[in-house]
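>>> Below is the sequence, then the predicted model.
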Amino acid sequence: MSTLNRKLWRDIRRHRAQFIAVAVTVFLGVTMFVASYDSYLNLDASYQATFTEYRFANVTYVGGDVEALEDLVAGVDGVESVAVRTVADQPLQIGGVKMLGRVVGVPADLQAEVNQLKVLEGSYLATGESILVEEHMANHFDLSPGDSVDVLAGDDWISARVAGIVSSPEYIWPARNRQELITTPDNFGVIFATEETTRTLTATGPNELAVYFDGGAENDELLEQLAGLAAGTGATADYTRAEQASNAALAEDIKGFEEMAGFFPLLFLTAAGLASYVMISRLVHAQRPHIGAMLANGMTKRKVLRHYLGYGVVPGLIAAVPGAIAGALLARVITTFYTGLLSVPVTLIEFYPANAVGGILFGVGAAFLAALAPALVASRIRPAEAMRGETPTGGGRVSLLERVIPPLRRLPIRWRMPLRGIGRNPRRTIYTVVGVVLSLMLVLVSWGMIDTVDHLMNTQFVDIQQEDATVYFTGPVGDAEIEALGGIDGVEAVEPSLQVPVRLAAGADNYDTALVSLNAGTEMHRFLSSEGEWLELSSGLLVGKALGDLLDVEVGDSIEVQVGLLGASFSEEIAGFLDEPLGTLAYLSDERLTKIAGVDLPATSALIRYEEGLEGGDLRSAVTELPGVAAFNDSKAMFDMMQEFMLLFYAFVGVMLVFGGAMAFALIFNAMSVNIAERRREVATLLAVGTDRRTISRLITTENLIVAVMGIPIGLVAGYYLSSMAMATFSSDMFSFDLYVKPMTFVWASLAIVVVALVSQIPGLRAVRRISIPEIIKERAA
Amino acid sequence: MSIVMKQVDKTYGEGPTAVRALREIDLDIPSGEFTVLLGPSGSGKTTALNLTGAIDDVTAGSLMVNGIDVTGLSTDEQIAYRRSEVGFIFQFFNLIPTLTASENVELVAELTGHNGGDRAREVLELVGLADRADHFPAQLSGGEQQRVAIARALAKEPPILLCDEPTGELDFETGRMILGLLRDLNRRNNQTVLLVTHNAAVGDMADRVLRLRSGMVVDDLRIESPVEAEALTW
């Protein structure tokens, strides 16, 4: 090993705490990059492989003459397969639990050409056999082949034997539709029956055409061509693979990994770069005489440059390589866990060398860039000047704060010293402030997610939804059924509700959703406008705010409401946009809808409120025993289930907070260690003149804390805006993620930074206690 | 007696790398005396000064300063001792760069309960720097910085001034001026001055010169007729 390299290693060993801090930050940044990007690619590949293997439809047309459409589409170039099927939402009953079910028709004996199933248990349907159960429902009710499920057919419950348990590419995430992405297993389940049985059970004909393109590849031109054909056969709705509820939910989810792969590593590597820059700059500053001597003795500038670049590149490389390995391993764990949790039929785990190499390059690159400026300074040092040892100490000046607030100049010197210290090395102060800002950004983005989700849940389930439960009927009902519900002991109030699938159209744009009709003066649902005001359901449509962009409409515009089931449509004015966290629904008062229809309309569900002190479990059986009741959806159970879903999310955010804390510690620790190192001479002098060590510690702590605190307001503002941007990327017509940060979160995040700043000083302050006065006061360099 | 060392020994390090900086030194320096510790680099003169100032610990022997047993002081007692008994003047001035000349002095004056501002003005005037009070160290010449350092040492009115190569960083003229100032303070305030230097010429202005070599006092010269600082030449 060359002498210079020996010096490099010894210097690194001597300042190991600071180099370790940089290395840990680089390691975390590279690990996060490789882990999140590999996970994203693995999950995407797993989904795509699942879709190809199980021939997940590229597009599905609903309504109209689907058999005629099948004939038209089957011959189109680029279409590999088509499948006509019957899909109907039909009440199911398992072990006394009534629920909203979905029956999907499939061919007997052999799999459909499109949307094939993976048989997990039992066997595929043979002619005349009963049903296959989708695995989420099977798992919840512990169903096995041979068990039975009751299906409502007309007015009778028919028992169907379970032939097998299956998973479907359409229900990897068991969403009922885009408006109801979150369902509880007690309220929604899917069964597959032979097409013949399905038609018998549901008493309807085929109503969907699923189309699979060549090789399952996306093809926008083909989509456009088929849309024209579908319109000609009277299709009332369609959804592409990307729009399909389950896939859309999964796509939103893995998008998070992709976003994370860019944003979080960038933050960490910037932090690592700053920490490294601060440290190497200090090193070069302290080694000026040595550098001068090296140059004077004939060492080339290039060699000096290379040597000091080594202080960045070596720890960067040491951290980036294991970071890439750890990231790749972590991605395997994440992918396996994730696909296992969602029961994705195909799991693909691959090693992506480009990601690992990219991660290493990013890590080393950040460290290289951090070292470049101080290394250039080192290589340009003039030997004669450097060897005189008169290292510039920086001129003193009255602090900005003292200039702005002159009375501060009358403060005791021990207070003025920290104020002056801040401006002494402006660049380092700025980097420390930037470090605090980056740390707060990371903390707020993570914490903001928790607050936002928490707030959205409360907005949806506490502020907007005022009902304790929704009761679904097996078909349209009149006043008698609603009154019967109201007669149940423990039910305080009941309101009818009509919910029908509709297509909202404005010009060439359209959007498939549900129209919900409620009493004009409903007390079961509140309407929160996108401006934060509470609206009345009086005249006109109240629609989810996403429609504004989707249909390019404003309040006051009229849109067409197409009710596919009835083959009718009407035009209605938009009275307001709603800020509802879940889904993008359209609301209209029952009075208005009745007026438009010209007849009294039935209800398809009822919203009920319990008497005080009662819970869903107390009323479920009494409600579901009523004839005509298909399902009982307890709002609190839904809320609780969503909270359970969020546990995984909270765990992720928790990890991010720990990483953020580590990053903040590394950055602030390095800046403060350097700060303290530069004060050694002053500290020794102060000790020599009789200042006690506690006072000196207080001086240093105050100065460092002021710098940290300076970054807090900037960090809070920057963190808030970054969180807002991050949340916006997750927002869609399915979820509305408007950032909400609790005021106390700002307080806690700020306190956390202060604590990190305090803790990160401990090693430096301990060094102050160990300072040898005689040694340091004789040192020439400051 | 002001400073009394008996069999004082100081060793740095342990085992084969141990360095014995002072070897059983005995010396008495009376109150008000201007003493120069003279010797080449490594002779132990700065070590003797540091021990006297309680910024370093004696390995063996006893050291009494103004009746205080310096060898037995706890850390807190050492701090109190440095506040009340000694004032340091360093070769490299060691001023706080972010404080003005006046503030550097105030900082120390406040430690001993003086009104910092008043005391700073007083001592800066004494060293002839009243008009430079609001300048920062970087705006002062070397000589001026050293005078601020002297003012800082005087701010708490210590009975003993410990000066470590106070002219080492200064040009000839400025060095003479600083030495004159120290001598003047010694005479005017009857302050004991212990000054370390390797410059033999400086000894001519002292009351006494102690020559050190390899950690031992090899010569103890009393100067009968010290010359004025202005007359020094080297």
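Alright, I've got the coordinates.
>>> Give me the number of neighbouring residues for residue 21.
No chain in the question, so chain A it is. 26 (other C-beta atoms under 10 Å in any protein chain shown). Using the backbone N, CA and C atoms, a C-beta is placed for each residue, glycine as well.
>>> Hmm, no, I was thinking of chain B.
23.
>>> Show me what the one helix or strand it maps to packs onto, helices and strands only.
Taking DSSP states H and E as the definition, residue B:21 sits inside strand B:19-29. Using 3 or more C-beta pairs under 8 Å, 6 or more residues apart in numbering or on different chains; DSSP states H and E as the contact test, the elements touching strand B:19-29 are strand B:3-12, helix B:45-52, strand B:216-222.
>>> Report all helices and strands that the longest one contacts.
It refers to strand B:3-12. Using 3+ C-beta pairs under 8 Å, 6+ apart: strand B:3-12 touches strand B:19-29, helix B:45-52, strand B:60-65.
>>> ok so, going back, Serialize the helices and strands packed on strand B:19-29 to TSV and add fields for mean pLDDT and mean neighbour count.
TSV is the format used below for those (pLDDT from 0 to 100; neighbours: other C-beta atoms under 10 Å in any protein chain shown):
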stretch	mean pLDDT	mean neighbour count
strand B:3-12	95	19
helix B:45-52	93	26
strand B:216-222	94	14
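>>> All the strands of chain B, residue numbers only.
Counting by DSSP state E, chain B has these strands, from start to end: B:3-12, B:19-29, B:34-38, B:60-65, B:68-69, B:86-89, B:160-164, B:192-197, B:208-213, B:216-222.
>>> so where's the chain uncertain?
Chain wasn't specified; assuming chain A. Residue ranges of chain A with pLDDT under 70: A:128-129, A:385, A:387-395, A:565, A:778-782.
>>> Wait, chain B was what I had in mind.
B:1.
>>> what about the longest helix in it?
The helix that spans the most residues within chain B, counting by DSSP state H, is helix B:172-189.
>>> Could I get the CA-only coordinates of that one as PDB?
Provided in PDB are the C-alpha atoms of helix B:172-189 (Å, rounded to 0.1, in the frame of the first residue of the first chain):
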ATOM      1  CA  PHE B 172      11.400  42.700  16.600                       C
ATOM      2  CA  GLU B 173      10.000  46.100  17.300                       C
ATOM      3  CA  THR B 174       6.600  44.900  18.300                       C
ATOM      4  CA  GLY B 175       8.200  42.200  20.400                       C
ATOM      5  CA  ARG B 176      10.200  44.800  22.300                       C
ATOM      6  CA  MET B 177       7.100  46.900  22.800                       C
ATOM      7  CA  ILE B 178       5.200  43.900  24.300                       C
ATOM      8  CA  LEU B 179       8.000  43.100  26.600                       C
ATOM      9  CA  GLY B 180       8.200  46.700  27.700                       C
ATOM     10  CA  LEU B 181       4.500  46.600  28.500                       C
ATOM     11  CA  LEU B 182       4.800  43.400  30.500                       C
ATOM     12  CA  ARG B 183       7.700  44.800  32.500                       C
ATOM     13  CA  ASP B 184       5.800  48.000  33.100                       C
ATOM     14  CA  LEU B 185       2.800  46.100  34.400                       C
ATOM     15  CA  ASN B 186       5.100  44.100  36.600                       C
ATOM     16  CA  ARG B 187       6.600  47.200  38.100                       C
ATOM     17  CA  ARG B 188       3.300  49.200  38.300                       C
ATOM     18  CA  ASN B 189       1.100  46.400  39.800                       C
END
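>>> Next, the buried residues of it.
Of the residues in helix B:172-189, B:174-183, B:185-186, B:189 count as buried by neighbour count, 16 or more other C-beta atoms under 10 Å in any protein chain shown.
>>> contacting residues around that helix?
The contact list for helix B:172-189 (C-beta atoms under 8 Å, 6 or more residues apart in numbering or on different chains) reads B:32, B:34, B:89, B:126-128, B:141-143, B:146-147, B:150, B:154, B:161, B:163, B:166-167, B:170, B:191-193, B:195, B:202, B:205, B:226, B:228-230, B:232, B:234.
>>> Past the stretch of helix or strand residue A:340 belongs to, which element shows up next along the chain?
Secondary structure from DSSP H and E places residue A:340 in helix A:301-342. Helices and strands here follow DSSP H and E; after helix A:301-342, the next one along the chain is helix A:353-379.
>>> on contacts alone, who are the packing partners of that following helix?
Short answer (3+ C-beta pairs under 8 Å, 6+ apart): helix A:353-379 packs on helix A:16-53, helix A:245-286, helix A:301-342.
>>> Next up, the contacts around the residue nearest the centre of chain A.
In chain A, the centroid-proximal residue (C-alpha atoms, centre = their mean) is residue A:256; its distance is 4.8 Å. Applying C-beta under 8 Å, 6+ apart to residue A:256 gives the contacts residue A:730.
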